[in-house]
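S.K.: Starting from these lines, generate the structure:
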Amino acid sequence: MDAAAFRALYRRLRRDRPGGALTELTPERVAAAAREVRSGLRISLAAPVETAPGPDNPDPAQHRMTGALAGEVPDEGLDFARDRFAMNIHGDADSHLDALCHVVYDGTLYGGTDAAALTPAGAEALSVDLARDGIVGRGVLLDIPRLRRVPWLEPGEQVGAEELAAAEAAQQVRVGPGDLLFVRVGHRRRRAEVGPWESATARAGLHPGALEFLAERRVAVLGSDGNNDTAPARTEGVDFPVHVLAVHAMGVHLLDYLQFEELVPLCVRERRWSFLCVVAPLRLPRATGSPVNPIAVL
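M.R.: Got it, this is the predicted structure:
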């Protein structure tokens, strides 16, 4: 996609709404999503947090014990095991939510907010605190490798709007207003079977034109087992076109690097690809995102 075509697509998709696309999650739609629960099965959509460095995770999370260590525990009386955890919110390995302040484009944030809102103390506008009450709605998983009859998409492959619609038809499900749309490209399965690679420069994802599908269906949240964008980027002058269109133009929160390998067999067994989904980001008032553990309830 050349620069002019991308700019035209950006203008078509731009929506300036306080709170972004989460406004699609009305109380009525949340209540309807609760009726998706039939079997009561629960499954995490997050990958385990990793503390070992790798080609796609050079600066991993840090976890260390700070109390009640082996050899220091008293023989009598009370003590407590204690530990400390630190991580980068954004990266190419851990599951996380992107806040609306995450993407800076043409010197602004979503809705034309001045990027000066990003201060040394944190984001003074559009932080992850917008989602402090949780993101609860109807989740829909579209499995693109299943549609293509392959185990995963290879790095660099893209998913367009027509393929999202084809996956809907094949899975007999339809994405609607306020839905949390999850697109599986098989990133996690490939990583598990082939091993980690430098996914910052090579990964499967969505074609920018696929965002027209999201706009038409009025999706509230977009998530993937990759980071939603394809690498290398094929959009002139923009390395992360899906992030720009989703977050900056449409106000759609993104969920990056989820995992669906445990959810897929449940969906196949239950013969349904929609479910109640609950996402609870941490209360980090000025943060640009949050680690998350989304829960699907079938």
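S.K.: residue contacts, the nearest residue to residue 197 once chain neighbours are set aside?
M.R.: Leaving aside its chain neighbours, residue 197 sits nearest to residue 55 (5.6 Å; criterion: Cβ to Cβ, 6 or more residues apart in numbering). All C-beta spots, glycine's among them, are computed from the backbone N, C-alpha and C. Residues near residue 55 by Cβ atoms under 8 Å, 6 or more residues apart in numbering: 196, 197, 198, 199.
S.K.: burial measure for residue 197, as a count.
M.R.: Residue 197: 16 surrounding residues under other Cβ atoms under 10 Å.
S.K.: Can you show me the helices along the stretch 151-298 of the chain?
M.R.: 161-171, 187-194, 211-217, 241-243, 263-270 (DSSP state H, counting those that start in this stretch).
S.K.: Need the winner for burial among those helices.
M.R.: When these are scored by mean count of other Cβ atoms under 10 Å, the highest mean neighbour count falls to helix 241-243 (a mean of 24).
S.K.: so what does it touch, helix or strand wise?
M.R.: Helices and strands touching helix 241-243, as assessed by 3 or more Cβ pairs under 8 Å, 6 or more residues apart in numbering; DSSP states H and E, are absent.
S.K.: Next one: the residue in the chain sticking out farthest from the centre from residue 5, what distance?
M.R.: Each residue of the chain has a distance to the centre, and by Cα atoms, centre = their mean the biggest one is for residue 76: 46.9 Å. Distance, residue 76 to residue 5, using Cβ to Cβ, to the nearest Å: 73 Å.
S.K.: can you check residue 78 too?
M.R.: From residue 78 to residue 5 the distance is 66 Å (Cβ to Cβ).
S.K.: So those two - more neighbours on which side?
M.R.: Each of residue 78 and residue 5 has its neighbours counted (other Cβ under 10 Å); residue 5 has more, 13 against 5.
S.K.: Return the per-residue confidence for the more buried one.
M.R.: Confidence at residue 5, expressed as pLDDT, is 96.
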